[in-house]
Structure formats: structure tokens, C-alpha cells
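# Using only what follows, build the 3D model:
(4 chains)
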There are 2 protein chains.
Amino acid sequence: MATDSITAAATPPLLRRVNAAKLLGVLSRAGVMTGTGLIEATGLTRATVHAVCNDLIEMGWVVELDPGHATVGRPSRRFEFNSRAGYVLGVDVGAARSTVLLADLRGVTVAKAGRSLAAVKTPAERTELVDQAIEEALGAAGVTHAQVLAAGIGVAAPVDRAGHILADDEFWRLFDPALGTHLTTLHHWPALLENDANLATLGEHWRGVAQNVDDLAVLLAGERFGSGLMDSGRLLHGSRGGAGEMLYLKLVEGVGTTHGIARTIRAAAATALADPNLESTLRELAGPVSAEQVFAAAGVGDVVALGILRGVARRTARVIATLGILFNPELVVLGGGVAEAAGVLVPEIEAELSGFTTTPPRVAVSSLGDAIVSVGAVRHALNYVEAHALDLELRPGG
Amino acid sequence: MATDSITAAATPPLLRRVNAAKLLGVLSRAGVMTGTGLIEATGLTRATVHAVCNDLIEMGWVVELDPGHATVGRPSRRFEFNSRAGYVLGVDVGAARSTVLLADLRGVTVAKAGRSLAAVKTPAERTELVDQAIEEALGAAGVTHAQVLAAGIGVAAPVDRAGHILADDEFWRLFDPALGTHLTTLHHWPALLENDANLATLGEHWRGVAQNVDDLAVLLAGERFGSGLMDSGRLLHGSRGGAGEMLYLKLVEGVGTTHGIARTIRAAAATALADPNLESTLRELAGPVSAEQVFAAAGVGDVVALGILRGVARRTARVIATLGILFNPELVVLGGGVAEAAGVLVPEIEAELSGFTTTPPRVAVSSLGDAIVSVGAVRHALNYVEAHALDLELRPGG
DNA sequence: GTTGTTTATATAGACTCTAAATTTAGACTC
DNA sequence: GAGTCTAAATTTAGAGTCTATATAAACAAC
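All right, here's what the predicted structure looks like:
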């Protein structure tokens, strides 16, 4: 708004760029199209469509297939988006584990790898293990470094719009000061850092339960609450990448901490079993009770477990209520470690929500499981590739 | 993202549109520029600049001035943005009062009018009074209906991105079902509805204390808390226009209601004075104590008043903390009825905030006073005009 | 009045698109 | 198997946009 934007003047070649980008976008979503199909989809004339397609074939983004079997008339040229013109990486650098997805340009996963980070003691060790996972994924698919066009990297830290981890925050500065620069400089591709909850939001919007939902919140709810917020299809970042931070929960009645669902369940179970008068199948288990065990016990009717889950649902409803009222998303997606099991909480959560607002958001549980962040990281990288497609140089694989 | 957008193909005239829009934007911000200045600002060549300027002069958006006194060389053509090519209205339809600003295309106010809505009983009466204020402003400036290009209308209700008041909400449906359609159909200009807190945010961003701050929250804090949220220069709306709604405050410890600063102060004063043991200058006042009186008493050292304000500051800090943590704005602006007086609360609020987060937003008090919403409404209308400038037909005034 | 500087105007060339005419490739018909 | 039909590809002409360069104009200074 205030920018006097000395962006370049619009010259005739800009038209070709605009039309080429548009055609490539249409084709990448459709996969294969004929010339006539592209004419209808883009509004361009046949002459232009062919000229643009020839350009894109030259650049490597499009390949021409054998003409299809025409029923009548001259056979069409058939164009296919060259989804193997390059690859992207989606990397989730979690607290306990790093997951790497290697995907083609349509987002189809071609390799997967992971490393446990549980024993990591230094940032350098973590980076090394992440690199190992990346190399493993590339090796498994036979993809060279030069073929990778971008990598999305999810971290559990505030990341601003420029992809920088908030340096002011001492915790994260200790955590991984060099992860971003390391990955960006060591490899040939841009490493696009983003907050993990934001990537989870991109993931659900792209391939999860929030497709076609442009006003969205994703609540990572396993060990610690964190959220990603999307308004009109755009992720929020705030001034220092802190949007979605949930530390305010310590001010919310009936919530009090940012402890997530799994952690809250474990604590509640420990408290309940400390009371010798309560009878529960949970008592038969050896060692501390896990959240999964409580869900399982509730599934077979254990009264104590059901009581714990009811309390957790009510608490979670309060978390969702604050987000839902202030942001007004159409949908709140529960993700993170407990996502599948948390499905049983949804009815109770929704019932509770209606006590806080007359226009509550819908509540759903993630369908992406462990991959919620890494799938979003792939989408993040693809967004970059789509935005810069005509500027990137494609290199054929070895 | 999911849209297969059958937007029109990019044809050569699009270039002219792009360049004309850019040049007009530069000129509207600068006021008067020479051809050479426009060349530098736009990156276009002289031939193109002149061609575009001739087009814009033809359309009425630009006027050519007498050549300036050249120090050396051939005198430049001088072009001026024709800020009187049309006008916009900024209308604040508040609970108690409606304020109308009439502004030229650079946003300079050329007339002002208002009506009290205190005695209004029906929507039709309200609409009638708003219309009266509009007519008064137009009459005072000698501007005809045909010269008005757009009107921004602020209402204290959720308004979605399309400018529709949330119809589901029974309160607002009773309030003013037909205000939008009435104003749109009765006059020749588009009436662009928007939530009042959102307009306040536009206003502060444009002409208030938040200039150059693109991650911003404005907290209307007079009788009832309401907020407008801006991320990266864009207003948030949520799925049904409810973004910024603060009903969640009833779940926040130490807040409990959406009652604003003025209302909270009055209630605290009444409570304090009910205790016969407390000595205070407030006791000498006749009738119920107003918020202004408490601010005044505190200003002269009244201990009870100071205690009330301290409590209000702490409560307000909790409101700002929730917004500040979840949204991470760079700045939170306090606006509404108590804005000027609330300046004295800021130090206490900021001190309190640092107890909730290590990265609190800055806190400031609105500089726009009563006009916060109507100024934003003018900006909202101007945004529309700028976006559609080349499609609008300008009509000379009578 | 001549010179110098800056700007305005005119012309030529390049790139882009559309629109319309022409050609082509395959299927179908007799 | 030659002719016909159809849809698509290709070619050609025309219009709009920009830049770059050359030429003309207006004013100041000497």
C-alpha cells in the first residue's frame, strides 16, 4: 500500500509470461490436455496456445504425447505436464523425529525417509541426521541434487514471512541457529523454512480434510498446543512469525497451560489412579499410563477413562472456542500425535462449543496422520516452484 | 488455489491497463509530477508515459498544468492527479451517532456531517438519518450524487469479504437488514459495507499511529471491546466476517466480559463508592460517575480513581495479551470513545504485558479520535476506487 | 544570435495477441 | 481406393503495446 513499487514496467513479453504461467497452472492440475482443451481453459486462441506450449516444451515443463485416437477430424496434439521435470522435498524437523518426503511436481510422493532425533544433543547432530534422511530419500528414488527445485522445511519455531526463524527467541536460537542457512547454502536448492503448524495448515488445505476451506485453523494438539491460521487461503504470520502461538492459553479459564491432549490425558490418568477408591482397567497396566491406553480403555467402556476424555474434550473445546471466536474459521482441524484417536472427542467438543458461541466452527480430525507437516512442507515447496516456474532452470536427471 | 480461474486471457491492451494503473497510483500519491519524474518512478519510457497520460487526461483522472518555470532546457509537461475527478463518502453508522465524511480522491475531507441516532427506534429511521447526513455533506460541498464514486459504510456487525452483513446473526438482522441494499440501490454509487473495527484498522494504518505498520490490531475499547486485525497489510474477515470478535473474553481470567474500558470504569466507580469508608473526590459529583470523571480525578491524584485505572489497565493488558500472543501484531492501537484519555493507561498496560509474553506488541493510543471509523471508511472507498479506476466513468460536477 | 540543455514528438522495430484463411491428418462412405 | 467430412494444425494478416533512436522544440545563459 505504501510501496512506490519500482517494479519493472509492463512490456510485451510480460503477456507471454502471464499466459504461459496460467497455461502451465491449468496443465499441472489437469495432467494431460489437448490443444483445444487448453483453448477452452485459458481463453487463449489456438495460435497462442501452441506458441506457449512450444515454449514450455523447450523449457522442459511440458512434454508432447503421441496424438490420441481421434474419433473424427485431425488428431489433437496432446500435452502433458512434465511432473518429473524436477522434484521437491518436504521435511518435517520435529522434536523427536525428522520425516522427509520427496515428491514430483504434481506432489506425488516418490520416496520417503526418516530419522529419530530422540538422541540428538547438538544442532549439528540434528542437521546431520536430517541430511542423512534427505540423502536416503534422494538415493531411493534415484533423484540427483540438481533435480531438486526447492525444499520446504518445517520447524517447531516461529518463522517469519521471509523464512527466518525468530532470532530474538533464545530458546529457538539455542535450538537450531544454523539449520536454515546450512540447508540453503549446502545444497543447490532453496530451503524454505516455515512453522510446523503453518505447514500442517497447508497440508490439510491441500490434501487433508480442509480442501476447499479457505478460512481455516489447524490445531496441533499432541504434546503441546500450536496452531496454524489461514484467512482467505493465506497463512498468517504476524510481525515476527508468531501468529498461531498459544501461550495465551495460560489466561484461559479451564485451560491454563499449553499442554496438549496427550499430555493432559496422561496427567489426568495419573491423578485418577492415585485415588485408591477408583476402579479402572487402567490399573492393570504396567508403568505410567499413556494417552493411547486411555483412549483404548474408554473404547471398551472404562468409566474412569471416559471421565478423563470428557474432561479433555471440554478443555479442548475452550481452546477451539477462543480460536473460533476471534478468527472465525469455517473449520478447525485437530492434528498431531493424537489426531486419529481424538475423533471420539469431537461430539463432546462440538456440544461444548455451542455453549460459547452461536456460530461455532466445524471441528474435524486430521486425515494426514504423521505426515501432516511433511505433506504441508511439500506443498510449501510446490508453491515456490509454481511462483517461480518460468525463472527456474530445469536439469534432466542422470 | 483450487480455482481454475477462467480469467480473461492477457492481451496487449492489458499492458496499457497495468501501466496506466501504476502511473495513476504513483501520481495520486505524489500529486503533481513532470513527465521525467513519471519516467523515473514507473520505469516506462517517455513515449509510453505521455501516451498513458494523454489517455488519463482524456478519461478525466489527470489534468495538465501550465509548464513549470524551467531552470534550464525545455519546460516539462506537468501532470496533476485530478483529486476532484470524483468524491468518496466515509460513513460511520454507530450505535449512538452517524458520522459522514465527504472526501476527494486524495482523501482530503471536503465536508462533514452527522446525526444523533440516540432516539432511533426502527431501521428505517436510522437509514433516514444517515441519508440526511449524507445529503447535508454533499450539499455543503456542492457535490452531486453523480460525482460520488463509492461510499464506505462502517457498521458494528460482522461483515464478510463480499460486504454482506452476517444474516445468520439474529441481533444484526433485527438491527439493520436493509441498510446495505438500501444505500446501494437508492444511490448511484456502490455502498461498501465493512465492520467498524476493521475500518478503524484501515484508518489507523492510513492516517493514524499505525502508518507503515502492516501487522496490526486495533482494539475499539469504549463501551464494548471489538477488534480489527490486519496481517501483512490485509484485513482479516474469517469465514463469516466474524474475525476480530471478542466474545472469547468471557473465557479469559481477569476479563470475563466484553465490556470496554469506559463501561468497566463506571462499574468500578459505582462499586468503590458503595463502600462508605473510601474517601474520594468522586463522591462530590452529582449522579453516576462517568469514565471521563474518573480519568480527571486520577489526573489530580485521587487515590480511588487511580486504583480503578490500575485495575482497568491490568484487565486491558490481558485483552491485549491474548490478541498479541495469538496474532503477533507489531502494534496494538487502542481506539474508541476513551482513546485520548486511555493514554495514561499505556505504561501500566505495557508493564503488565511483559508478564505474559517476552515479545509483546507495542501499544499506542489512536490519534484519530471520533473519526477513526469514518476515516477508515473513506480509505475503504478509496481502495475500491483505486482498484476500479480505469473502469469507472467520471462525471463532471454541475 | 549562438550554444547548450532538457524535454517533446515522430519513426522504426520487436513482441504479443486475435482473427481469418488455408492446409493437414485421420475416419468414414461409396 | 478415391472422394468426403471433420476437427485440428498451420499460416498469414492486422492491431496494440512497448522500447530505442532520431529529430524537433522551448527556454536559459553567454
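
# For the rest of this, base every contact and every neighbour count on C-alpha atoms.
Will do.

# Ranking helices and strands of chain A by mean pLDDT, which lands last?
helix A:170-175 (a mean of 56; mean pLDDT, DSSP states H and E).

# got a list of what the residue in chain A positioned nearest to DNA strand D touches?
At 2.7 Å from DNA strand D, residue A:73 is the closest residue in chain A, using C-alpha to the nearest atom of the strand. By C-alpha atoms under 8 Å, 6 or more residues apart in numbering or on different chains, the contact set of residue A:73 is empty.

# quick one: what helix or strand has it in it?
Using DSSP states H and E, residue A:73 sits within no helix or strand.

# can stretch A:381-393 be found next to DNA strand C?
No - Stretch A:381-393 does not reach DNA strand C (C-alpha under 7 Å from any atom of the strand); its nearest approach is 12.3 Å.

# So what touches that stretch?
A:17, A:21, A:25, A:59, A:88-90, A:105, A:107, A:149-152, A:192.

# Mind doing that once more with 7 Å?
A:88, A:105, A:149, A:150, A:151, A:152 (C-alpha atoms under 7 Å, 6 or more residues apart in numbering or on different chains).

# Now that stretch: buried residues?
Across stretch A:381-393, burial judged by 16 or more other C-alpha atoms under 10 Å in any protein chain shown covers A:381, A:382, A:384, A:385, A:386, A:389, A:390, A:393.

# just these now: which is nearest residue B:202?
Of all the buried residues of stretch A:381-393, residue A:384 has the smallest distance to residue B:202: 29.9 Å, by C-alpha to C-alpha.

# distance of the closest one from residue A:151?
As judged by C-alpha to C-alpha, to the nearest Å, residue A:384 and residue A:151 stand 9 Å apart.

# where does the helix ranked longest in chain A sit relative to the chain's centre, distance-wise?
Across chain A, the longest stretch assigned as helix under DSSP state H is helix A:303-327. For helix A:303-327, the separation from the chain centroid amounts to 24 Å (computed by C-alpha atoms, centre = their mean, to the nearest Å).

# so what does the helix or strand following that helix touch, helix or strand wise?
Sequence order places strand A:331-335 as the next helix or strand after helix A:303-327, per DSSP H and E. Counting contacts by 3 or more C-alpha pairs under 7 Å, 6 or more residues apart in numbering or on different chains; DSSP states H and E, strand A:331-335 packs against strand A:216-220, strand A:362-365.

# run the last query once more with 10 Å
For strand A:331-335, the elements it packs on are helix A:196-207, strand A:216-220, strand A:226-231, helix A:303-327, strand A:362-365, judged by 3 or more C-alpha pairs under 10 Å, 6 or more residues apart in numbering or on different chains; DSSP states H and E.

# Could I get the buried residue list for the fourth one?
Neighbour-count burial for helix A:303-327, with 16+ other C-alpha under 10 Å as criterion, is recorded at A:304-306, A:308-327.

# Flag the shaky bits of the stretch 151-300 of chain A, pLDDT-wise.
A:167-178, A:180-181, A:185 (pLDDT under 70).

# And for stretch A:59-69, what's in contact with it?
For stretch A:59-69, contacts defined as C-alpha atoms under 10 Å, 6 or more residues apart in numbering or on different chains pick out A:24, A:27-28, A:31-34, A:53-57, A:74-86, A:105, A:389-390, A:392-396.

# Sort out for me which of those residues are in helices.
Per DSSP H, the contacts of stretch A:59-69 map to helices at A:24, A:27, A:28, A:53, A:54, A:55, A:56, A:57.

# nearest spatial neighbour of the last one, skipping sequence neighbours?
Yep, that's residue A:57 we're talking about. Nearest residue to residue A:57, sequence neighbours excluded (C-alpha to C-alpha, 6 or more residues apart in numbering or on different chains): residue A:63, at 5.6 Å.

# host element of the one you found?
Going by DSSP H and E, residue A:63 is in strand A:62-65.

# about what we covered before: buried by neighbour count, from the contacts of stretch A:59-69: which ones?
Buried members of those, counted by 16+ other C-alpha under 10 Å: A:24, A:27-28, A:31-34, A:53-54, A:56-57, A:76, A:78-86, A:105, A:389-390, A:393-395.

# Tell me which of these fall in strands.
The subset of the buried ones among the contacts of stretch A:59-69 located in strands under the criterion DSSP state E comprises A:32, A:33, A:34, A:78, A:79, A:80, A:81.

# Determine which two of those are furthest apart.
Taking C-alpha to C-alpha, no two of these sit farther apart than A:34 and A:81, at 11.4 Å.

# list residues touching both of these two?
By the contact definition C-alpha under 10 Å, 6+ apart, residue A:34 and residue A:81 are jointly contacted by A:27, A:64.

# just to revisit the earlier point, save the helices and strands packed on strand A:331-335 as CSV, and put in distance to chain B too.
Listed next are the helices and strands packed on strand A:331-335 as CSV, based on distance: least, C-alpha to the nearest C-alpha, whole Å:
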stretch, distance to chain B
helix A:196-207, 9
strand A:216-220, 8
strand A:226-231, 6
helix A:303-327, 4
strand A:362-365, 11
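
# Of these, which is nearest residue B:145?
Of all those, it is strand A:226-231 that lies closest to residue B:145, at 35.8 Å by C-alpha to C-alpha.

# Against which helices or strands is that closest one packed?
Judged by 3+ C-alpha pairs under 10 Å, 6+ apart, the packing partners of strand A:226-231 are strand A:191-195, helix A:196-207, strand A:216-220, helix A:303-327, strand A:331-335, helix B:303-327.

# Who does the first one pair with, and is each partner parallel or antiparallel?
Right, strand A:191-195. Strand A:191-195 has the following sheet partners, assigned by DSSP bridges: strand A:148-155 (parallel).

# before we move on, what about the third one?
The strands that strand A:216-220 pairs with in its sheet are strand A:226-231 (antiparallel), strand A:331-335 (parallel) (by DSSP bridges).

# Quick one: closest of these to residue A:351.
strand A:331-335 (14.6 Å).

# ok now the closest one, how far from the chain's centre?
Computed by C-alpha atoms, centre = their mean, the chain-centroid distance of strand A:331-335 equals 13 Å.

# Between helix A:303-327 and it, find me the angle.
Interaxial angle of strand A:331-335 relative to helix A:303-327 (axes from the mean of the first three to the mean of the last three C-alpha atoms, to 10 degrees): 140 degrees.

# Could I have the CA atoms of strand A:331-335 written out in CSV?
These are the backbone C-alpha positions of strand A:331-335, laid out as CSV (Å, rounded to 0.1, in the frame of the first residue of the first chain):
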residue,chain,number,x,y,z
LEU,A,331,-13.3,-25.3,10.2
VAL,A,332,-10.8,-26.3,12.9
VAL,A,333,-8.8,-29.3,12.3
LEU,A,334,-7.2,-31.3,15.1
GLY,A,335,-3.9,-32.7,14.2
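
# Can you pull the residues of chain A lying near DNA strand C?
Residues of chain A lying near DNA strand C (C-alpha under 7 Å from any atom of the strand): A:12-16, A:19-20, A:43-48, A:51-52, A:69-75.

# now these: which count as buried?
Among the residues of chain A next to DNA strand C, those classed as buried by 16+ other C-alpha under 10 Å are A:15, A:16, A:19, A:20, A:43, A:44, A:52.

# rewinding a little: with distance to residue B:184 as extra columns, can I get the helices and strands packed on strand A:226-231 in TSV?
Output for the helices and strands packed on strand A:226-231, formatted as TSV (distance: least, C-alpha to C-alpha, whole Å):
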stretch	distance to residue B:184
strand A:191-195	43
helix A:196-207	35
strand A:216-220	31
helix A:303-327	28
strand A:331-335	32
helix B:303-327	34
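
# The ones you listed: which one's closest to residue B:8?
helix A:196-207 (25.8 Å).

# The closest one - contacts with which helices or strands?
Contacts of helix A:196-207 with other secondary structure elements, assessed using 3+ C-alpha pairs under 10 Å, 6+ apart, are made with strand A:87-93, strand A:148-155, strand A:216-220, strand A:226-231, strand A:234-235, strand A:331-335, helix A:372-388.

# which residues sit against the shortest one?
By C-alpha under 10 Å, 6+ apart, the residues outside strand A:234-235 that reach it are A:161, A:198-199, A:201-202, A:214-217, A:228-229, A:243-244, B:231.

# so residue A:295, which of the three states?
helix (DSSP: H, G, I helix; E, B strand; the rest coil).
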